[in-house]
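starting from these lines, generate the structure:
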Amino acid sequence: MSAKAEHYDVIRKPVITEKATMASEANAVVFEVAIDANKPQIKEAIESLFGVKVKAVNTTITKGKTKRFRGILGRRKNVKKAYVTLEEGNTIDVTTGL
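Numbers count the residues shown, from 1 in each chain. Reported below is the predicted structural model:
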């Protein structure tokens with residue numbers, strides 16, 4: 001498997017929420033990443049896929065909620081998000097897609 005394919009396995013999709021938009025004003029971009037991805041992997045994937053310099057990577061894991069569907073208990077999956085701070089002068093436009 002090529003290195004580029006591995007990077008796409010690490011980075012799932014960009015997160016576009018009100019909080020993520022506020023983070024973009026501080027030169028940060030939010031991505032949903034693989035639950036087993038670590039910070040160096042995320043940094044390498046972002047730098048190679050988008051051609052930008054990454055300053056810092058902060059991660060958070062949101063535990064999946066228990067929800068009820070037609071009387072049957074189900075569980076949403078756990079989600080890992082990465083807040084990627086970019087170096088000055090680097091930008092990623094997540095609204096256009098990959």
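
who touches the most centrally placed residue in the chain in this structure?
Residue closest to the average C-alpha location in the chain (CA atoms, centre = their mean): Phe31, at 1.7 Å. Shown in contact with Phe31 (CB atoms under 8 Å, 6 or more residues apart in numbering): 11-15, 42, 46, 81-82, 84. C-betas here are computed from N, CA, C, even on glycine.

buried among these? Make that a ChimeraX selection.
ChimeraX command restricting those to the buried ones, with burial defined by 16 or more other CB atoms under 10 Å:
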select :11,12,14,15,42,46,81,82,84
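
out of the contacts of Phe31, who's nearest Thr60?
Top of the list for closeness to Thr60, among these and by CB to CB, is Lys81 at 5.2 Å.

returning to that earlier point: how about the contacts of Phe31 in a markdown table, adding pLDDT?
Listed next are these as a markdown table, based on pLDDT from 0 to 100:
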| residue | pLDDT |
| --- | --- |
| Ile11 | 88 |
| Arg12 | 88 |
| Lys13 | 88 |
| Pro14 | 88 |
| Val15 | 88 |
| Ile42 | 91 |
| Ile46 | 88 |
| Lys81 | 94 |
| Ala82 | 93 |
| Val84 | 91 |
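
check what pLDDT Asp36 gets.
At Asp36, the model reports a pLDDT of 91.
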